[in-house]
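> Could you work out the structure for the sequence below:
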Amino acid sequence: MTIREYKKHIIDSLKTSASPQLDAEVLLCHFLNLNKTQLLMKQNEELPDGTKPQLNDAVARRASGLPIAYITGHKEFYGYDFIVSPAVLIPKPDTEILVELAVDVILSMMDARGENLLTVCDMCTGSGCIAIAVAKTLLEDERVPPEQLPKFTLADISEPALDIAQRNAEALLGQYGGLVKSRFNFVRTNLFDAISEAIKYDVILSNPPYIPHTMVDELLKDGRSEPRLALDGDITLTGDRALATDGSGKAADDGLEIIRNLIPQAQAHLAPRGTVLMETGEYNAEATAALAEDAGFNTEIHKDLEGQLRVVEMF
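Here you go, the predicted model:
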């Protein structure tokens, strides 16, 4: 069987996918260790011996709903290749606006504060894609020498997620040596619970769980296998289903419970003249901004690449 013929087999097997042709190309490139140009050039060659069982298994997993990124173990985000596993959310293009905003805020602060090193916390870091993409972008900016790179704290409740974040930091920042590596600290914590209130950050970044509970139920029906822990915003600090705030005694279903806890905790850990950048759903960005304003913040809501309300800036 040629590569072209096997590609057609994959496409036929993945008719329920929204992008069967792209899925086929990604799987073939990954398991044959080819780029897209090489795949096109070799399409009339025989499928290499020994690769068909792996590909068959991968196609079956994709047909079950498992995302391509979990099958290949990689996902591009902000132009960088990140390691992913079912222990972390797959980085989404919508989150790239959070990286852009963070870089702009940090550069402005660096200009204003001279040689004093800034401190940045990425709360609910998951794969580490936000903090690492920010650091990588700063290091590629000629205005930012490595010795002026801010100190980053990457925090998450999940130990497996922190392991992925550490692997990504090593893979994407290892080339810069020990100086950059020393600027990264990884902390297992339930929001800021394990971080002393004496520690303040100039910038706090977060893409917390913010999806309403019943919406998570629907999302996970397709077999995507993303961690509920990183999706469900209606969970209390003790891990229970939150109750609605209207006094009805009903279960909460607005995706805001974690954000309700995160905002005051972030405020307690924010340095003077600091900024919080928090990703939310387009359906609860305005409610998040209202919660922040009730806590004493000024706010601005930023839209994502599709024009949806996405990031709430608090200052």
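> Only C-alpha atoms from now on, for both contacts and neighbour counts.
Noted.
> What are the buried residues along the helix ranked longest in the chain?
Longest helix in the chain by number of residues (criterion: DSSP state H): helix 96-113. Neighbour-count burial for helix 96-113 flags Glu96, Ile97, Leu98, Val99, Leu101, Ala102, Val103, Val105, Ile106, Met109, Met110 (criterion: 16 or more other C-alpha atoms under 10 Å).
> Stretch 288-299 now?
Thr288, Ala289, Leu291, Ala292, Phe297, Thr299.
> and of these, the nearest to Arg4?
Thr288 (49.5 Å; C-alpha to C-alpha).
> Quick one: mean pLDDT over whichever strand or helix holds that closest one.
Element membership of Thr288 [criterion: DSSP states H and E] is helix 285-294. For helix 285-294, the mean pLDDT works out to 98.
> The following helix or strand past it pairs with which strands, and in what direction?
Downstream of helix 285-294, the first helix or strand assigned by DSSP H and E is strand 299-303. Using DSSP bridges, strand 299-303 pairs in its sheet with strand 309-314 (antiparallel).
> what mean pLDDT does the strand it pairs with have?
pLDDT averaged over strand 309-314 gives 98.
> Now do the contacts for the residue nearest the centre of the chain.
Taking C-alpha atoms, centre = their mean, the centroid of the chain lies closest to Pro91, which sits 4.3 Å from it. Taking C-alpha atoms under 8 Å, 6 or more residues apart in numbering, we find Pro91 in contact with Lys75, Glu76, Phe77, Ser127, Cys129.
> Quick check: the farthest pair among those residues?
Glu76 and Ser127 (11.9 Å).
> Sketch out the helices for the protein, chain order is fine.
3-13, 20-32, 36-41, 52-63, 68-72, 96-113, 129-139, 159-173, 178-181, 213-220, 257-268, 285-294.
> And those helices: which comes nearest Glu279?
Of all the helices of the chain, helix 96-113 comes closest under C-alpha to C-alpha, at 6.9 Å.
> I'd like to know which elements the closest one is packed against.
helix 129-139, strand 270-279 (3 or more C-alpha pairs under 8 Å, 6 or more residues apart in numbering; DSSP states H and E).
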